[in-house]
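Chemist: coords please:
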Amino acid sequence: MPVVTIKIAGSLNRDQKKQIAAEITDTLERIALKPRRYTYIAFEELPDENWAIAGQLLDEED
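Modeler: Sure thing, here's the model as predicted:
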């Protein structure tokens, strides 16, 4: 049973999540031969202040 966790800075709207979930589910079914009904996807949306790149928090970027 595939469990996919997507962590993203900021947020996605419901339609974006739906499209991403469908694409990932399709890919796992097609390539890994995993049944759709057993594919679980979780979205973790985190504030920019909880992400850093190159030593700088995303909410501090210019």
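Chemist: contacts and neighbour counts: CA atoms only from here.
Modeler: Will do.
Chemist: In the helix or strand where Glu29 lies, which residues are buried?
Modeler: Glu29 belongs to helix 14-32 when assigned by DSSP states H and E. Neighbour-count burial for helix 14-32, counted by 16 or more other Cα atoms under 10 Å, picks out 17, 20-21, 24-26, 29.
Chemist: so how far is it from its chain's centroid?
Modeler: Computed by Cα atoms, centre = their mean, to the nearest Å, the chain-centroid distance of helix 14-32 equals 10 Å.
Chemist: now for it, which elements pack on it?
Modeler: Helix 14-32 sits against no helix or strand, with contacts defined as 3 or more Cα pairs under 8 Å, 6 or more residues apart in numbering; DSSP states H and E.
Chemist: What's the first helix or strand after it?
Modeler: strand 40-46.
Chemist: what about stretch 1-13, start to end distance?
Modeler: 26 Å (Cα to Cα, to the nearest Å).
Chemist: Looking at the buried residues of helix 14-32, which one is closest to Leu46?
Modeler: Lys17 (14.6 Å; Cα to Cα).
Chemist: wait, what's in contact with the closest one?
Modeler: Applying Cα atoms under 8 Å, 6 or more residues apart in numbering to Lys17 gives the contacts Phe43.
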